[in-house]
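Enquirer: Pasting the sequence and the predicted coordinates here, then a few questions.
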Amino acid sequence: NDGYKLWLQYYKIDNPQSWQIDKLTQYKVNGSSPTLDIIQGEIQRASQGFFSPKPEGSSKNPKLLISKISDLDQKGFLLDSHKIKELGPDGFAIQELGDKQNDKTTLITANTDIGLLYGTFHLLQMIQRNTPVPKEGVFQSPKIQHRVLNHWDNLDRTVERGYSGFSIWNWHRLPRHIDQQYHDYARANASIGINGTVLTNVNANSLVLTPEYLEKVKALADVFRPYGIKVYLTARFSSPIEIGKLSTADPLNGEVQNWWKDKAKEVYEYIPDFGGFVVKADSEGQPGPHNYGRTQADGANMLADALKPFGGIVMWRAFVYSENTPDDRHKQAYNEFKPLDGLFRDNVIVQVKNGAIDFQPREPFHPMFGAMPKTPLMMEFQITQEYLGHDTHMAFLAPMYEEVLREDTFANGKGSEVSKVIDGSLHSNSITAMAGVANIGTDRNWTGHHFHQANWFAYGRLAWNPNESSEKIADEWLRLTFTNDDDFVTPIRKIMLGSREMVVNYMTPLGLHHIMARSHHYGPGPWVTGGSRADWTSTYYHQASEQGIGFDRTSSGSNALAQYAKELQTNWGNLNSIPEEYLLWFHHVPWDHQLKNGDTLWEGLAKHYQKGVDEARSNIKTWESIKNKIDGERFAHTLSFMKIQAEEAQWWRDACLLYFGQFSKMPLPQGVEQPLHNLEYYINYNPKNVPGI
Ligand code: BDP
């Protein structure tokens with residue numbers, strides 16, 4: 001098993017029960033459409049996998065009926081009109097009809113074909129997990145409207161921060177050749193409720209907006225449509241100059257505005273249901289409204305006006321910061337966007353990364369989430385592990401996403417969690433979205449590490465329902481992907497759930513951040529300093545000296561803390577009340593500062609690093625203990641990556657403790673192993689010294 005089938009394994013069910021068999025052999029799909037064909041195909045594929053030999057079926061007395069509400073004989077006979085409305089365009093209901101045990105029919109119903117597709121995937125997953133439909137039925141609708149993947153894929157098929165091969169978009173062969181993988185990609189996304197894909201890198205290339213490329217984009221959009229997936233593109237702000245031959249891209253210039261209006265019209269001629277544009281402007285060298293003395297709102301609104309007649313939206317990124325500002329990078333996006341609250345068109349949504357710096361293993365939530373009541377904000381999570389060990393380190397990210405979503409912004413008083421900001425309920429926004437930076441590439445198993453498939457899965461599940469629990473997600477993913485055997489699921493679920501914290505421990509414990517190697521961001525680099533931008537170095541963030549370590553973001557330092565609600569300022573501003581996982585994010589503290597358990601900061605730091613290493617090692621043992629429970633191929637592949645992870649956890653520990661130990665001048669506490677090499681060795685060791693990484 002090479003993992004290509006992801007969580008859609010549809011592996012054989014031992015001793016299937018009649019409720020499982022009947023539904024998939026005696027079913028009926030009402031109506032016809034490309035999406036309904038996909039549903040039929042999915043059921044056939046599943047029953048072939050689940051049951052062997054495949055039982056004969058008939059649709060005369062269906063035990064499973066899949067039908068839109070509008071196609072049911074007695075319209076909505078199960079659901080009142082309120083419930084039907086609540087289902088919305090994407091929701092579904094699964095209910096058992098009839099009272100007699102032997103005469104039960106399961107109904108999957110929805111307002112749209114796409115809702116039926118989601119419902120079908122849901123039921124098939126329940127069958128694989130041997131979980132019968134509960135008496136009260138299943139009733140689900142997504143809490144977020146636009147659930148999109150962001151591909152940082154370039155037109156030359158390299159993937160920025162991609163660690164599992166090249167881009168799956170083969171632009172050279174498109175539009176004439178449609179690879180099967182495009183269907184498989186769409187199917188996998190639909191099975192977890194993802195309904196949009198941004199095909200291109202945020203560091204955008206305007207070529208994608210030329211007719212040659214729009215033809216190719218159209219070909220992909222045509223494949224994705226019946227799976228309910230809309231296509232979006234990144235728009236390079238200077239496109240009017242680069243491909244439009246204009247002399248400016250000033251958003252207040254009439255010619256520029258018309259160019260974008262014409263461009264939008266042209267895009268919709270190719271792709272009538274085109275989703276819209278994602279824009280990275282005025283950041284890390286990307287052009288933007290600043291080039292013309294204009295605001296982010298001026299830029300976003302110009303594009304919004306162009307897309308408006310066709311129903312498109314603009315996802316305008318808040319990742320705006322500059323090396324020319326002396327201010328703490330943490331504060332810049334908030335300072336830039338807060339004054340613009342309420343000034344964006346109604347088809348603009350501002351896309352905010354989960355934290356204010358950049359996808360670190362742990363960051364407090366971005367202060368913008370508590371500060372823009374008049375502007376819809378969307379969440380941007382990173383699924384690809386730029387800062388969490390790239391392809392080889394297992395880090396199940398659902399607990400990280402969950403942690404951010406559950407944080408309280410206090411924007412409208414207690415209970416104003418980030419999840420309520422982005423699902424639109426806190427400020428009654430009419431447009432809601434979530435983006436996940438994809439970890440998908442041409443590797444046979446899509447994501448490099450088999451367990452990184454779980455992060456794609458988890459992202460989809462949390463975009464559908466930001467209140468879903470990590471534990472449930474991990475459990476279901478394991479059961480669908482490997483086996484329903486509890487002897488496998490229980491220990492491995494535990495590994496998964498602890499894996500992100502383990503990575504935090506061996507990389508950036510106690511609120512440390514951005515101390516990795518320069519540019520490729522793989523491996524430790526606390527010594528990184530100098531170069532073109534201070535805010536791309538480690539010394540800028542950890543501020544280690546003989547006096548102590550940590551970034552003072554309280555009022556005695558950069559005061560980024562003032563961007564959060566009063567309640568958080570009080571809690572996080574105080575050394576006694578701040579949760580220790582954020583300690584060095586907000587405070588510069590002396591090496592002998594006493595932690596809650598009585599250890600000094602230095603001892604605590606060292607023990608966290610050691611704990612991370614110990615866990616990475618013990619995970620190997622646990623994995624070895626389940627050897628006979630799953631196929632050899634995925635077992636061996638995962639084992640090999642786990643060994644790399646344990647070695648590299650040690651590398652992180654040794655390099656960081658040697659480096660910081662120069663300042664603390666304190667011995668390693670008991671139980672923390674001595675480093676294998678000296679500091680110089682680690683400074684010169686660069687296993688990713690490979691062009692292009
Ligand atoms: C950083 C990445 C860089 C991205 C940038 C972004 O290092 O490659 O282009 O974020 O999100 O994390 O725009």
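Expert: Cool, got the structure.

Enquirer: what's the distance between the residue positioned nearest the centre of the chain and the ligand?
Expert: Centroid-nearest residue in the chain, with C-alpha atoms, centre = their mean: residue 436, separated by 3.2 Å. Per C-beta to the nearest ligand atom, to the nearest Å, residue 436 is found 12 Å from the ligand. (Each C-beta comes from the backbone N, C-alpha and C, glycine too.)

Enquirer: what's the neighbour count on the residue of the stretch 351-500 of the chain found nearest the ligand?
Expert: Among the residues of the stretch 351-500 of the chain, residue 358 lies nearest to the ligand; the distance is 4.5 Å by C-beta to the nearest ligand atom. By the measure other C-beta atoms under 10 Å, the count of residues near residue 358 is 19.

Enquirer: Phi and psi next, for it.
Expert: Per-residue torsions, residue 358: phi -180, psi 80 (degrees, to the nearest 10).

Enquirer: swap in residue 548?
Expert: Dihedral pair for residue 548: phi 160, psi -160, per degrees, to the nearest 10.

Enquirer: per-residue pLDDT, it?
Expert: At residue 548, the predicted lDDT confidence score is 98.

Enquirer: hang on, it packs against residue 588?
Expert: Yes: under the criterion of C-beta atoms under 8 Å, residue 548 makes contact with residue 588 at 5.5 Å.

Enquirer: does residue 139 have beta-bridge partners, and which?
Expert: Taking DSSP bridges as the rule, residue 139 bridges to residue 93.

Enquirer: no no, residue 413
Expert: Here residue 413 sits in beta bridges with residue 411, going by DSSP bridges.

Enquirer: so the residue nearest to residue 48 when sequence neighbours are not counted, which of the three states?
Expert: Nearest residue to residue 48, sequence neighbours excluded (C-beta to C-beta, 6 or more residues apart in numbering): residue 54, at 5.5 Å. Here residue 54 is recorded as coil under DSSP: H, G, I helix; E, B strand; the rest coil.

Enquirer: count of residues packed around residue 54?
Expert: Residue 54, neighbours per other C-beta under 10 Å, totals 14.

Enquirer: Roughly how far does it sit from residue 44?
Expert: 9 Å (C-beta to C-beta, to the nearest Å).

Enquirer: now do residue 326
Expert: 63 Å.

Enquirer: These two - which one has more neighbours?
Expert: Ranked by neighbour count (other C-beta under 10 Å), residue 326 and residue 44 place residue 44 first, with 14 against 7.

Enquirer: The helix or strand hosting that one: which residues count as buried?
Expert: Taking DSSP states H and E as the criterion, residue 44 maps to helix 34-50. Of all the residues in helix 34-50, those buried under the rule 16 or more other C-beta atoms under 10 Å are 35, 36, 38, 39, 42, 43, 46, 47, 49, 50.

Enquirer: if you go through the chain in chain order, where are the strands?
Expert: Per DSSP state E, the chain carries strands over the ranges 27-29, 64-68, 92-97, 105-110, 138-140, 146-150, 196-198, 230-234, 276-279, 313-317, 348-353, 377-382, 433-437.

Enquirer: What residues does the residue of the stretch 351-500 of the chain closest to the ligand make contact with?
Expert: Each residue near residue 358 by C-beta atoms under 8 Å, 6 or more residues apart in numbering is listed here: 319, 387, 514.

Enquirer: for the lowest-mean-pLDDT helix or strand in the chain, which positions count as buried?
Expert: When the helices and strands of the chain are scored by mean pLDDT, DSSP states H and E, helix 81-87 comes last with a mean of 89. For helix 81-87, a neighbour-count test (16+ other C-beta under 10 Å) marks 84, 87 as buried.

Enquirer: Check which helices and strands that helix sits against.
Expert: Judged by 3 or more C-beta pairs under 8 Å, 6 or more residues apart in numbering; DSSP states H and E, helix 81-87 has no packing partners among the helices and strands.

Enquirer: List of residues touching that helix?
Expert: Residues outside helix 81-87 that contact it (C-beta under 8 Å, 6+ apart): 69, 76, 79, 93, 110, 111, 115, 139, 141.

Enquirer: OK, contacts around the residue lying closest to the fifth one once chain neighbours are set aside?
Expert: I take that to be residue 110. Among residues not flanking residue 110 along the chain, residue 92 sits closest, at 4.3 Å (C-beta to C-beta, 6+ apart). By C-beta under 8 Å, 6+ apart, the contact list for residue 92 reads 108, 109, 110, 115, 116, 118, 119, 122, 138, 139, 140, 141.

Enquirer: Let me have those in JSON lines, extended by pLDDT, distance to the ligand and neighbour count.
Expert: Compiled in JSON lines, the contacts of residue 92 are given as follows (pLDDT from 0 to 100; distance: C-beta to the nearest ligand atom, whole Å; neighbours: other C-beta atoms under 10 Å):
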{"residue": "108", "pLDDT": "96", "distance to the ligand": "39", "neighbour count": "27"}
{"residue": "109", "pLDDT": "96", "distance to the ligand": "40", "neighbour count": "27"}
{"residue": "110", "pLDDT": "96", "distance to the ligand": "35", "neighbour count": "28"}
{"residue": "115", "pLDDT": "98", "distance to the ligand": "33", "neighbour count": "26"}
{"residue": "116", "pLDDT": "98", "distance to the ligand": "36", "neighbour count": "27"}
{"residue": "118", "pLDDT": "98", "distance to the ligand": "29", "neighbour count": "26"}
{"residue": "119", "pLDDT": "98", "distance to the ligand": "35", "neighbour count": "23"}
{"residue": "122", "pLDDT": "98", "distance to the ligand": "33", "neighbour count": "18"}
{"residue": "138", "pLDDT": "96", "distance to the ligand": "36", "neighbour count": "15"}
{"residue": "139", "pLDDT": "96", "distance to the ligand": "37", "neighbour count": "14"}
{"residue": "140", "pLDDT": "97", "distance to the ligand": "31", "neighbour count": "19"}
{"residue": "141", "pLDDT": "98", "distance to the ligand": "30", "neighbour count": "20"}
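
Enquirer: would CSV of the residues you listed with distance to residue 153 be doable?
Expert: As requested, these are exported to CSV (distance: C-beta to C-beta, whole Å):
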residue, distance to residue 153
108, 34
109, 37
110, 32
115, 29
116, 31
118, 26
119, 31
122, 29
138, 35
139, 36
140, 31
141, 31
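
Enquirer: circling back to that earlier point, in CSV, list the buried residues of helix 34-50 along with pLDDT.
Expert: Formatted as CSV, the buried residues of helix 34-50 follow (pLDDT from 0 to 100):
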residue, pLDDT
35, 98
36, 98
38, 98
39, 98
42, 98
43, 97
46, 97
47, 95
49, 97
50, 97
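
Enquirer: for the residues you listed, which one is nearest residue 563?
Expert: Among those, residue 35 lies closest to residue 563 (C-beta to C-beta), at 44.7 Å.

Enquirer: Quick check, the closest one in contact with residue 227.
Expert: Yes: between residue 35 and residue 227 a contact is recorded at 7.5 Å, counting by C-beta under 8 Å.

Enquirer: So which bits of the stretch 351-500 of the chain are right by the ligand?
Expert: Neighbours of the ligand within the stretch 351-500 of the chain, by C-beta under 6 Å from any ligand atom: 358, 359, 386.

Enquirer: Now tabulate those in TSV and tack on pLDDT.
Expert: Converted to TSV, these look like this (pLDDT from 0 to 100):
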residue	pLDDT
358	97
359	98
386	98
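
Enquirer: From those, pick the one nearest residue 371.
Expert: Using C-beta to C-beta, residue 358 comes nearest to residue 371 of those, at 19.0 Å.

Enquirer: Please report how far the closest one lies from residue 170.
Expert: For residue 358, the distance to residue 170 - C-beta to C-beta - is 30 Å.

Enquirer: Take the strands of the chain and lay them out in a markdown table including distance to residue 650.
Expert: Formatted as a markdown table, the strands of the chain follow (distance: least, C-beta to C-beta, whole Å):
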| stretch | distance to residue 650 |
| --- | --- |
| strand 27-29 | 53 |
| strand 64-68 | 53 |
| strand 92-97 | 48 |
| strand 105-110 | 50 |
| strand 138-140 | 44 |
| strand 146-150 | 33 |
| strand 196-198 | 37 |
| strand 230-234 | 39 |
| strand 276-279 | 39 |
| strand 313-317 | 36 |
| strand 348-353 | 30 |
| strand 377-382 | 25 |
| strand 433-437 | 28 |
